[in-house]
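Chemist: model the structure of this input:
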Amino acid sequence: MMRFMLAIWITCTLTVPAMAQQTLGSVSSLSGDVDITIISSGKKFVPETGTPITDDYKIRTGNRSFVELTLNDGSKVSIKEITVLNISNLKQNEQDPPTKIRMLTGKLRITVKKLFKSDSLVVRTPTAIAGVRGTEFGIIATNSETRIIVFDGEVETANSDSTVIKSFMVREGEEVSIQKDSPPTEPRLVPHDIRQSWFEYYSIDETNRIIIRTKKEQGIIDKLIRKKNF
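Modeler: Below is the predicted model:
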């Protein structure tokens, strides 16, 4: 299933005409250092509330910044600090290919509203690919590692390298880590207290290559993990 999904991703990406632009949604709120680069022209601008979002945009957030998008299908995309991504396509009917998000780095929380029999949305990072039908989940990604947590529903995860065969279905309250050239770790249940502020427990180092635990997380999550025995 995951390999088939990856093949669809590659095919759709290569066959979309360079000049085609699809309006996917708009900016619902933002704060701090946020800009958009128009991929086809290289021009950059600063968005504001209500700015339409197209598949020709690369969205970037800086430190202590965020932008939230509302897609035309009702889904919410919360782009947190130090993130770079592009959204292409928007699935609105069963026969449409999935909504696709290519995330280069950063932190992202997604609430998928429309449910389909086939995958509603596919997210790809440098090390991972995740497919969902309808759910709420979070992703933290760098060049060398991706962490995924599911807040509601379930997400199918695999390495973005199609030669790494193993995949996992991650369910509500579970987290996986996917490192370069490695399959996902087995899903593990995240304590409820950590789940509520999951994004705050991880940060990305200055080389943008490693996801590191914050000092706050070192003390609290390790204690809870030992207590929960997982």
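Chemist: where does the prediction get shaky in the chain?
Modeler: 1-20, 206, 214-230 (pLDDT under 70).
Chemist: do a quick rundown of the helices in it.
Modeler: Along the chain, the segments classed as helices by DSSP state H run 2-15, 192-196, 215-228.
Chemist: list the contacts of stretch 72-79.
Modeler: 23-25, 28, 59, 61, 66-71, 85, 87, 90-92, 99, 101, 106-114, 121 (C-beta atoms under 8 Å, 6 or more residues apart in numbering). All C-beta spots, glycine's among them, are computed from the backbone N, C-alpha and C.
Chemist: now intersect the residues you listed with the strands, please.
Modeler: 23-25, 28, 59, 61, 66-71, 85, 87, 99, 101, 106-111, 121 (DSSP state E).
Chemist: of those residues, buried ones?
Modeler: Among the ones in strands among the contacts of stretch 72-79, those scoring as buried are 24-25, 28, 59, 61, 66-71, 85, 87, 99, 101, 106-111, 121 (criterion: 16 or more other C-beta atoms under 10 Å).
Chemist: show me how far stretch 53-67 is from its chain's centre.
Modeler: Stretch 53-67 has its C-alpha centroid displaced from the chain centroid by 13 Å (C-alpha atoms, centre = their mean, to the nearest Å).
Chemist: what does stretch 93-109 give?
Modeler: 7 Å.
Chemist: export it to PDB, keeping only CA atoms.
Modeler: The C-alpha trace of stretch 93-109 is given here as PDB (Å, rounded to 0.1, in the frame of the first residue of the first chain):
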ATOM      1  CA  ASN A  93     -13.600  14.000  -4.600                       C
ATOM      2  CA  GLU A  94     -12.900  10.200  -4.200                       C
ATOM      3  CA  GLN A  95     -11.400   9.900  -7.600                       C
ATOM      4  CA  ASP A  96      -8.900  12.800  -7.100                       C
ATOM      5  CA  PRO A  97      -5.300  12.000  -6.100                       C
ATOM      6  CA  PRO A  98      -4.500  12.900  -2.400                       C
ATOM      7  CA  THR A  99      -3.600  16.300  -1.200                       C
ATOM      8  CA  LYS A 100       0.200  16.400  -1.100                       C
ATOM      9  CA  ILE A 101       2.500  18.300   1.300                       C
ATOM     10  CA  ARG A 102       6.200  18.300   0.800                       C
ATOM     11  CA  MET A 103       7.900  19.400   4.000                       C
ATOM     12  CA  LEU A 104      11.600  20.100   4.000                       C
ATOM     13  CA  THR A 105      12.000  20.900   7.700                       C
ATOM     14  CA  GLY A 106      10.100  22.200  10.700                       C
ATOM     15  CA  LYS A 107       7.000  21.400  12.700                       C
ATOM     16  CA  LEU A 108       3.500  20.800  11.400                       C
ATOM     17  CA  ARG A 109       0.100  19.900  12.800                       C
END
